[in-house]
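**Student:** got a predicted model here, sequence first, then my questions.
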Amino acid sequence: MKILHISAECFPIAKVGGLADVVGALPKYQKDLGATSSVVMPYYNNTFTQNNTFETLHDHYISLGHEYYHFKVLKLTNHQLGFDLFCIDIPDLLYTEFVYSNADTKRFLAFQIATLDWILTLKATPDIIHVHDHHAGLIPFMMSCSFKYASLKNIPTVLTIHNAQYQGWFSHALANLIPPFNYEKTGLLDWDGSINSLAAAIKCAWSVTTVSPTYLEELKIKANGLEALLQHESKKCTGILNGIDWNVWNPETDERLLKNFSKTTVISGKKANKKWLCKEFNLDIKKPLFAFIGRLVGEKGADLFSDIFEQALTENKISILLLGSGHAATEVELAAIPKENFNTFIGYDEKLAHIMYAGADFLLMPSRVEPCGLNQMYSLRYGTVPIVNATGGLKDTIIDIDEKAGFGIVHDGVTVEKVTTAIHKATNYYHAKAFKKNLKRIMAIDHSWNNSAAAYVHLYKSLKH
Ligand code: GLC
């Protein structure tokens, strides 16, 4: 069975968030299950594309309304990824240093059209087309309604929703950019008066998955306007929890760490990494270290961080280290917090992130919305206790220490008080006997892709036409 994943991001080529990690890992694990997966993504101008060689497989033009754009399909020549990678090169639109911009309607529409034009030329078409988020969301519509792609109609399509906040809206006035389709089908593109790429994908894909079971239930109540649609289409929707790349995220072999460790050496291993962090960021190694890694946006609770951190630092003998970037106002607020038992790295640094998972004692994830969340899984694997809000995938993966078989700290809701209470509980736990023993336990929790990759393959098989 041949699966083609279509996505705006894929690790390690281009990563903005967890979408990249999933698209860069899932294909490898599907391969082990007899499904040959490959990935199509835009060809961006970044370190990966500059440092690797690609061969040209296809060279043509696409039309976007009345405009023509030259495009190429490039294939990565080496086999470092463990799956085939195809990049759509449209120099005028996609070859940028960034992944997202405010010209994305045209950029991703061109990407999707070029991808389908190329698939039309293939002798052996994929058995399943698996699209990720709204950037590839018009593909199922075009395959079923654009005259040009009629021969692709019977290929089953799967949409995975990683984040339903962003939906790829654009005006009906731009409908002429989509290759001609039966106008009676315009309703499939529409949601609330505009073209909505994610809504179109939910309507037209043969099957829809969300990245955790709880997120699917939440979307039926709160989905940035798509609640009724998700309720209506619920029969074809399934929640499949993400996994993490077990080989990339392995504290025993991770080359980014100062010291590698296993379950048996977790205490000394974590200490060595913590020592480096504390030295680098001027923190006290004797105090429990709380880390946050991620985007500084409302979904992650970042607007409350400065209040939470100041209160938590006053009430407890702890240190806090933050890695991330995002809303300018939040960055300014964080810069105003005295650098005493507190520090930040504003930006993103993959190596530092790995060392933080290894060296921190707790990971803070007070997300208001978290479709799956991968950081809590990385944190478990590296023996760091997650402190999470009970939402989406966080609810599906973390059990509070006060519950049966619990191993993390779970708060219900995101307020300064709830998060600081959780930090206080964590601080007490750090000094309790059970703490060290728990580290070995959390490192043994299996969040590898094995189960989830099999769930996807099972789904593909059920979609035989
Ligand atoms: C998005 C979600 C995150 C999820 C990731 C991968 O970034 O916000 O919760 O883990 O996609 O599916």
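**Tutor:** The structure has been received and is ready for your questions.
**Student:** next, give phi and psi for the residue in the stretch 351-465 of the chain that the ligand sits nearest to.
**Tutor:** Proximity of the stretch 351-465 of the chain to the ligand (C-beta to the nearest ligand atom) peaks at C372, 3.5 Å away. C-beta here means a position set from N, CA and C on the backbone, and glycine is covered the same way. Per-residue torsions, C372: phi -140, psi -60 (degrees, to the nearest 10).
**Student:** next, count neighbours for it.
**Tutor:** For C372, the neighbour count with other C-beta atoms under 10 Å is 27.
**Student:** ditto for I240
**Tutor:** Neighbours of I240 (other C-beta under 10 Å): 21.
**Student:** near the ligand, which residues of the stretch 201-350 of the chain show up?
**Tutor:** 211, 242 (C-beta under 6 Å from any ligand atom).
**Student:** got a list of what the residue of the stretch 101-250 of the chain found nearest the ligand touches?
**Tutor:** As assessed by C-beta to the nearest ligand atom, the ligand sits closest to H162 within the stretch 101-250 of the chain, at 3.4 Å. Applying C-beta atoms under 8 Å, 6 or more residues apart in numbering, we find H162 in contact with 17-19, 22, 132-133, 211, 371-372.
**Student:** do a quick rundown of the strands in the stretch 301-450 of the chain.
**Tutor:** 319-324, 342-346, 362-365, 385-389, 409-411 (DSSP state E, counting those that start in this stretch).
**Student:** which elements pack onto the fourth one?
**Tutor:** Using 3 or more C-beta pairs under 8 Å, 6 or more residues apart in numbering; DSSP states H and E as the contact test, the elements touching strand 385-389 are strand 362-365, helix 375-381, helix 392-397, strand 409-411, helix 416-431, helix 434-443.
**Student:** what does the last one give?
**Tutor:** In terms of contacts (3+ C-beta pairs under 8 Å, 6+ apart), strand 409-411 is packed against strand 385-389, helix 416-431.
**Student:** over to the longest one?
**Tutor:** Applying 3+ C-beta pairs under 8 Å, 6+ apart, one finds that strand 319-324 contacts strand 289-293, helix 305-315, strand 342-346, helix 350-359.
**Student:** that strand pairs with which strands?
**Tutor:** Neighbouring strands of strand 319-324 in its sheet, by DSSP bridges, are strand 289-293 (parallel), strand 342-346 (parallel).
**Student:** can you check the fourth one too?
**Tutor:** Strand partners for strand 385-389, identified by DSSP bridges, are recorded as strand 362-365 (parallel), strand 409-411 (parallel).
**Student:** so it versus helix 434-443, what angle?
**Tutor:** Here strand 385-389 runs at an angle of 80 degrees relative to helix 434-443 (axes from the mean of the first three to the mean of the last three C-alpha atoms, to 10 degrees).
**Student:** ok, Y382 - contacts?
**Tutor:** 249, 251, 270, 357-358, 443.
**Student:** redo that, cut-off 6 Å
**Tutor:** 251, 357-358 (C-beta atoms under 6 Å, 6 or more residues apart in numbering).
**Student:** separation between it and Q167?
**Tutor:** Using C-beta to C-beta, to the nearest Å, Y382 is found at 34 Å from Q167.
**Student:** got it, and N51?
**Tutor:** N51 is 34 Å from Q167, by C-beta to C-beta.
**Student:** comparing the two, which residue is more hemmed in?
**Tutor:** Each of N51 and Q167 has its neighbours counted (other C-beta under 10 Å); Q167 has more, 24 against 7.
**Student:** setting the sequence-adjacent residues aside, check what's closest to that one.
**Tutor:** Spatially, and ignoring its direct neighbours in sequence, Q167 is nearest to L198 (4.0 Å; C-beta to C-beta, 6 or more residues apart in numbering).
**Student:** about what we covered before: looking at the helices and strands packed on strand 385-389, which is closest to S262?
**Tutor:** helix 434-443 (8.0 Å; C-beta to C-beta).
**Student:** so which bits of the helix or strand following that closest one are buried?
**Tutor:** Scanning forward in sequence from helix 434-443 by DSSP states H and E, the next helix or strand is helix 450-462. Neighbour counts using 16 or more other C-beta atoms under 10 Å place 452-457, 459-460 of helix 450-462 among the buried residues.
**Student:** what is the nearest of the residues you listed to F292?
**Tutor:** Among those, and counting by C-beta to C-beta, the member closest to F292 is S452, at 25.7 Å.
**Student:** from what I see, that closest one and G243 are in contact.
**Tutor:** Yes: using C-beta atoms under 6 Å, S452 is in contact with G243, at 4.5 Å.
**Student:** doesn't I3 lie inside a strand?
**Tutor:** Yes: membership of I3 in a strand is supported by DSSP: H, G, I helix; E, B strand; the rest coil.
**Student:** leaving out sequence neighbours, find the closest residue to it.
**Tutor:** S37 is the one closest to I3 (C-beta to C-beta, 6+ apart), at 4.3 Å.
**Student:** ok, M41 next?
**Tutor:** Nearest to M41 is C10, by C-beta to C-beta, 6+ apart, at 5.0 Å.
**Student:** just the closest residue of the protein to the ligand, please.
**Tutor:** Taking C-beta to the nearest ligand atom as the measure, the chain has G18 as its residue closest to the ligand, at 2.7 Å.
**Student:** just checking, that residue touches L374?
**Tutor:** Yes: shown here, G18 and L374 form a contact pair, counting by C-beta under 6 Å, at 4.8 Å.
**Student:** show me the helices in the stretch 101-250 of the chain, by range?
**Tutor:** 104-121, 139-145, 197-204, 213-219, 227-232 (DSSP state H, counting those that start in this stretch).
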